[in-house]
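Colleague: coords please:
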Amino acid sequence: MNVRQVLLAPARRALHDGAARWPWFRRIVAIGARELERALHDDLYRDGYFGSTPSSDVALEIGTPEYNRTATHADEGAYLVWRFLPVQKTLDIGCAFGFFVEAERELGLDATGVDVSQYALDRAALGARGHVRYGNLLHRLPFGRGAFEGVSLFETLEHLPPEVVPRALREVRRMTTKYVIATIPSFGPNANGPGGWFDVKVKPERLDYYRSLGDGYDGPVPYDDLYRDDDGAPIQGHLTIASFAWWTRQFEEAGFERDAALERRIHPHLARMGLTKYWNLYVLRVPGVPQVTYEQRSPSEIADVEKRFGLDQRVADPEDLARVHAAIDT
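Modeller: Presented below is the predicted three-dimensional model:
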């Protein structure tokens, strides 16, 4: 029996005995347990956001009919980390049910995940259990400085309001010694790949206005102009919609530099996976980390993983591939 069990066992036994003996006391314990459980849960990222279960048939606010490993493109994201980044120990921030963590661990990476949703963490994927925990970027994450070689943030940072993004990115910088890979809904020109757009990011009636601002507008888009769901809340909980240039500055001010060469190598694979329209890619490197100029995995390893994850059957949409090559060949 460990110290925690020694300290908790008498209190647990006293509560059990009291609840068994006095009905009024049992009601107090039951109410207290329910309220403590509610206190652990985030107000937004719970059952109404993800659906009643990870495989719910209910249409979700995040725009997928099911919130599962396939719908969240966890295999694709894990594959990109595994293939292109020279990292072994990784942290996925905003891991939700831990699908990315599960996929990365299947690929042999020492992956950990954190999320603000206790609801999702309590229902973590089997392969992620024991490797995901609560963590909030706006507070110190429960890890030491430089605990990870690589950090991933897939569709996560846009859920923070603009004014706290610098603080969040400083915490990301504290966590990693090498690389960050992020996907963030963005608009405007992108120096390293296809640019972004305003559609489904700002209110339809404001689209013409924002398009008229030209490439010099960086954002972030004011809260009142963000695209809304049927309840009038910002769609999918997105609070920061800004340009590639704006996000690049935020990363640079936090102590990162964009890895243009690596982003350009990855973009054709995003097109092949059908993700060009959905993922706006950022790959960041800690200054002083050598630029990767070689393939991290052997051809046989890549072929094996692509077959296992079904990626070998993917064929890029010609329009997506044309956009990618038009951007990276310039």
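Colleague: next up, the contacts around V324.
Modeller: 193-194, 267-268, 270-271, 276 (C-beta atoms under 8 Å, 6 or more residues apart in numbering). Bear in mind the C-beta positions are built from the backbone N, C-alpha and C, glycine included.
Colleague: what stretches of the chain score poorly on pLDDT?
Modeller: 1-8, 12, 15-16, 18-20, 23, 25, 27, 29-66, 330 (pLDDT under 70).
Colleague: please compute how far stretch 309-318 lies from its chain's middle.
Modeller: Centroid separation for stretch 309-318 versus its chain: 23 Å, with C-alpha atoms, centre = their mean, to the nearest Å.
Colleague: if you count neighbours, what's buried in that stretch?
Modeller: By neighbour count on 16 or more other C-beta atoms under 10 Å, the buried set for stretch 309-318 is 309, 311, 316.
Colleague: contacting residues around that stretch?
Modeller: Residues from elsewhere that reach stretch 309-318, judged by C-beta under 8 Å, 6+ apart: 75-76, 79, 103, 268, 271-274, 276, 303, 305-306.
Colleague: if we use 10 Å, what do you get?
Modeller: The contact list for stretch 309-318 (C-beta atoms under 10 Å, 6 or more residues apart in numbering) reads 70, 74-76, 78-79, 103, 106-107, 268-277, 302-307, 321-324.
Colleague: just the buried ones from the residues you listed?
Modeller: Looks like the contacts of stretch 309-318 have 74-76, 78-79, 103, 106-107, 268-276, 302, 305-306, 321, 323-324 buried, using 16+ other C-beta under 10 Å.
Colleague: show me where the protein has strands.
Modeller: In the chain, the strands defined using DSSP state E lie at 89-93, 110-115, 132-134, 148-154, 176-183, 186-187, 242-243, 257-258, 281-285.
Colleague: tell me the phi and psi of the closest residue to W82 other than its chain neighbours?
Modeller: Among residues not flanking W82 along the chain, L107 sits closest, at 4.4 Å (C-beta to C-beta, 6 or more residues apart in numbering). With angles defined as degrees, to the nearest 10, L107 shows backbone torsions of phi -90, psi 0.
Colleague: ok, L107 touching L85?
Modeller: No - the criterion here is C-beta atoms under 10 Å, and L107 misses it with L85 at 11.7 Å.
Colleague: can I get the strands of the chain in CSV with distance to V200 and mean neighbour count?
Modeller: Below are the strands of the chain laid out as CSV (distance: least, C-beta to C-beta, whole Å; neighbours: other C-beta atoms under 10 Å):
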stretch, distance to V200, mean neighbour count
strand 89-93, 24, 26
strand 110-115, 24, 24
strand 132-134, 29, 18
strand 148-154, 18, 25
strand 176-183, 15, 24
strand 186-187, 11, 26
strand 242-243, 15, 24
strand 257-258, 25, 17
strand 281-285, 18, 23
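Colleague: quick one: D199 and D230, what's the gap?
Modeller: D199 sits 18 Å away from D230, taking C-beta to C-beta, to the nearest Å as the criterion.
Colleague: do Q250 as well
Modeller: From Q250 across to D230, the span is 31 Å (C-beta to C-beta).
Colleague: same thing with G98?
Modeller: Taken as C-beta to C-beta, the span from G98 to D230 is 29 Å.
Colleague: contact partners for A254?
Modeller: Each residue near A254 by C-beta under 10 Å, 6+ apart is listed here: 165-174, 180, 284.
Colleague: how about a cut-off of 7 Å?
Modeller: By C-beta atoms under 7 Å, 6 or more residues apart in numbering, the residues touching A254 are 166, 169-170, 172-173.
Colleague: can you tell me the closest non-neighbouring residue to R83?
Modeller: Using C-beta to C-beta, 6+ apart, the closest residue to R83 is R297 (5.5 Å).
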